[in-house]
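A.B. asks: Can you look at this prediction? I've put the sequence above it.
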Amino acid sequence: MPPLRRMFKHPRLMHYNRLIALVVLVNLVVAGVAAPGGTDPRTCADAVLVNLTLTILIRQQYVINALFRVATAVPVSWPLRLRWTLGKVYHFGGLHVGGALCGTVWFTILLVQLAMTGADPALLAVSSALAVLLGVLVGTALPPLRGRFHDAFERIHRFGGWAALVLFWWHTLLLVHGDGRSALTAPQTWLLALVTLSVALPWLRLRRVPVSVERPSSHVALVSFDHGHTPFAGSSTAISRRPLWEWHSFANVPTPGRSGFRLTVSRAGDWTGSFIDDAPEHVWVKGITTAGVANVETLFTKVVYVATGSGIGPCLPHLLAAEVPARLVWVTRSPRETYGDALVEEILTAQPDATVWDTSERGKPDMVRLAYETRQESGAEAVICISNKHVTWQVVHGLERLGIPAYGAIWDS
């Protein structure tokens with residue numbers, strides 16, 4: 001790979017960060033265009049709403065599925081370099097972050113302008129409260145805090161986000177009224193209505209459904225659903241035992257020709273541990289099933305799936321569907337004892353040539369080397385890695401810098 005292209009494969013220059021930079025650049029251009037005449041409060045307020053709309057809509061489930069459909073619709077005859085880039089569609093979270101950061105900056109500028117021009121006390125009070133709330137939302141979303149206090153981050157963003165939306169309505173109506181305009185004809189009102197609908201839609205589909213839980217071992221639970229919905233391969237479902245408190249997403253495993261689907265829940269924290277030890281008879285689900293990273297497989301003639309432990313869950317539906325030729329590398333501890341003979345046999349039936357690396361017998365492998373050698377041997381165009389953060393980033397960025405398209409979760413939510 002040429003040195004310049006190799007440089008752009010550095011983790012700090014991944015597409016997620018490039019999208020953040022793109023949003024910031026567009027906002028700087030807008031600010032530059034407005035600079036000669038000065039940015040008045042109305043311009044700042046409009047910029048805040050546009051960025052807010054981008055921030056919310058890009059996380060909407062229907063929008064995410066549409067992005068994946070568009071990005072993966074191209075034929076495999078297109079140049080590999082273009083398909084490689086389209087496969088990074090799951091980095092759309094960069095637009096969310098860029099919009100949130102820029103919207104917060106614009107709102108800070110707006111608050112200063114309102115204070116300097118002696119705005120209506122009610123408007124100034126709402127603006128101040130909203131500025132503080134936006135600061136808390138952005139601050140708790142910083143990667144070090146989000147990773148260390150993820151449960152708190154989730155709750156702050158849910159309840160704080162709802163509170164911010166209410167305050168945005170109040171703030172916008174005060175601004176519109178202050179300008180002598182009708183709320184029904186103001187574009188800002190309709191943008192907020194769109195944002196509100198986007199936030200409400202998943203909750204309008206909230207329902208409590210029965211589940212059947214099988215425990216092959218104390219490490220994993222296989223959760224079966226059959227409530228009249230069979231999701232597409234490569235999608236995920238968020239489930240909860242307390243819907244207002246916390247949600248956890250897992251890859252759906254539909255079986256071709258059968259209704260319903262399964263989830264693989266492995267012990268990875270307090271919530272999953274409690275779920276396995278005290279299996280529920282019902283869980284809450286909301287929204288629609290959403291496309292995940294492995295859906296990019298259709299962009300390639302053949303792929304290698306690299307999974308560790310319960311990472312086999314997101315890979316399994318693609319292996320069962322067999323829409324794209326694939327080769328599996330599964331690195332795990334004592335697969336039959338941990339996941340049960342039935343699941344292991346199902347995997348081997350779908351992938352008779354799979355490399356199943358038992359770490360209890362063979363130790364931990366060099367994951368990048370194992371992925372690279374399997375890709376070279378199989379003739380695959382791309383590698384999809386489903387593992388923990390450390391291994392995923394190691395494999396994805398290690399292969400990308402060798403000139404091999406590689407994909408894996410980016411832990412941005």
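C.D. replies: Ah, there it is. Residues are numbered from 1 along each chain as shown.
A.B. asks: where do the strands sit along the stretch 201-350 of the chain?
C.D. replies: Per DSSP state E, counting those that start in this stretch, the stretch 201-350 of the chain carries strands over the ranges 207-217, 220-225, 235-240, 248-251, 261-266, 282-285, 290-291, 303-308, 326-332.
A.B. asks: Quick check: which of these is buried the most?
C.D. replies: With neighbours defined as mean count of other C-beta atoms under 10 Å, these peak in mean count at strand 303-308, which reaches a mean of 27. Heads up, the C-betas are built off the backbone N, CA and C, glycines and all.
A.B. asks: looking at the strands of the stretch 201-350 of the chain, which is closest to residue 77?
C.D. replies: strand 303-308 (16.6 Å; C-beta to C-beta).
A.B. asks: outside of the closest one, which residues touch it?
C.D. replies: Strand 303-308 has contacts (C-beta atoms under 8 Å, 6 or more residues apart in numbering) with 294, 297, 314-315, 318-319, 324-332, 367, 370-371, 374-375, 378, 380-388, 391, 395.
A.B. asks: ok, now stretch 246-259?
C.D. replies: With contact meaning C-beta under 8 Å, 6+ apart, stretch 246-259 is reached by 151, 154-155, 223, 226, 228, 230-240, 260-265, 271-272, 286, 289, 292, 313-314, 316-317, 320-321.
A.B. asks: Residue 178 against residue 123, yeah?
C.D. replies: Yes - judged on C-beta atoms under 8 Å, residue 178 makes contact with residue 123 at a distance of 6.8 Å.
A.B. asks: neighbour-wise, which of the two wins?
C.D. replies: Each of residue 178 and residue 123 has its neighbours counted (other C-beta atoms under 10 Å); residue 123 has more, 18 against 14.
A.B. asks: Confirm the more buried one sits in a helix?
C.D. replies: Yes - the assignment for residue 123 (DSSP: H, G, I helix; E, B strand; the rest coil) places it in a helix.
A.B. asks: ok, and the closest non-adjacent residue to it?
C.D. replies: residue 174 (4.5 Å; C-beta to C-beta, 6 or more residues apart in numbering).
A.B. asks: For that neighbour, give its distance to residue 167.
C.D. replies: To residue 167, residue 174 is 10 Å away according to C-beta to C-beta, to the nearest Å.
A.B. asks: quick revisit: if I read this right, the residue nearest to residue 123 contacts residue 124, doesn't it?
C.D. replies: No - counting by C-beta under 8 Å, residue 124 is not a contact partner of residue 174; they are 9.6 Å apart.
A.B. asks: Next, the buried residues of the longest helix seen in the chain.
C.D. replies: Looking across the chain with DSSP state H, the single longest helix is helix 150-178. For helix 150-178, the neighbour count (16 or more other C-beta atoms under 10 Å) marks 153-154, 156-157, 164-165, 167-176 as buried.
A.B. asks: Now do stretch 287-296: everything it contacts.
C.D. replies: Here stretch 287-296 makes contact (C-beta under 8 Å, 6+ apart) with 61-62, 64-65, 68-69, 71-72, 86-87, 89-90, 201-203, 205, 229, 231-232, 234-238, 251-252, 305, 314-315, 318, 382, 384, 386, 407-409.
A.B. asks: next one: it to chain centre, how far?
C.D. replies: Its chain's C-alpha centre and that of stretch 287-296 lie 9 Å apart, by C-alpha atoms, centre = their mean, to the nearest Å.
A.B. asks: Likewise for stretch 317-325?
C.D. replies: That offset, for stretch 317-325, works out to 22 Å (C-alpha atoms, centre = their mean).
A.B. asks: now swap in stretch 142-160 and tell me
C.D. replies: Per C-alpha atoms, centre = their mean, the centroid offset for stretch 142-160 relative to its chain is 15 Å.
A.B. asks: Any idea which of the strands of the stretch 201-350 of the chain gets closest to residue 141?
C.D. replies: It is, among these and with distance given as C-beta to C-beta, strand 248-251, at 17.5 Å.
A.B. asks: Partner strands of the closest one, with direction?
C.D. replies: Sheet pairing of strand 248-251 (DSSP bridges) gives strand 235-240 (antiparallel).
A.B. asks: before we move on, back to that, out of the strands of the stretch 201-350 of the chain, flag the one nearest residue 145.
C.D. replies: Nearest of the strands of the stretch 201-350 of the chain (C-beta to C-beta): strand 248-251, 19.4 Å.
A.B. asks: Using PDB, list the CA coordinates for the closest one.
C.D. replies: Only the C-alpha atoms of strand 248-251 are listed here, as PDB (Å, rounded to 0.1, in the frame of the first residue of the first chain):
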ATOM      1  CA  HIS A 248     -28.800  -3.900  25.800                       C
ATOM      2  CA  SER A 249     -28.500  -4.700  22.100                       C
ATOM      3  CA  PHE A 250     -27.700  -8.200  20.800                       C
ATOM      4  CA  ALA A 251     -27.300  -9.700  17.300                       C
END
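A.B. asks: tell me the average confidence for that strand?
C.D. replies: On average, the pLDDT along strand 248-251 is 90.
A.B. asks: Next: stretch 380-391.
C.D. replies: Mean predicted lDDT for stretch 380-391 stands at 94.
A.B. asks: As CSV, could you dump the C-alpha coordinates of it?
C.D. replies: The C-alpha trace of stretch 380-391 is given here as CSV (Å, rounded to 0.1, in the frame of the first residue of the first chain):
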residue,chain,number,x,y,z
ALA,A,380,-11.6,-13.6,0.4
GLU,A,381,-11.8,-9.9,-0.4
ALA,A,382,-12.6,-8.7,3.1
VAL,A,383,-12.5,-9.6,6.8
ILE,A,384,-15.2,-8.9,9.3
CYS,A,385,-14.2,-9.1,12.9
ILE,A,386,-16.6,-9.6,15.8
SER,A,387,-14.8,-9.5,19.1
ASN,A,388,-14.0,-7.3,22.1
LYS,A,389,-12.7,-3.8,21.5
HIS,A,390,-9.0,-4.5,21.8
VAL,A,391,-9.0,-7.5,19.4
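A.B. asks: Distance from that stretch to the middle of the chain?
C.D. replies: Relative to the chain's own centre, stretch 380-391 is displaced by 16 Å; criterion: C-alpha atoms, centre = their mean.
A.B. asks: what's the answer for stretch 87-104, then?
C.D. replies: With C-alpha atoms, centre = their mean, you get 11 Å for stretch 87-104.
A.B. asks: what does stretch 130-137 give?
C.D. replies: In terms of C-alpha atoms, centre = their mean, the centre of stretch 130-137 is found 23 Å from the chain centre.
A.B. asks: before we move on, what about stretch 40-54?
C.D. replies: With C-alpha atoms, centre = their mean as the basis, stretch 40-54 stands 25 Å off its chain's centre.
A.B. asks: Thank you, goodbye.
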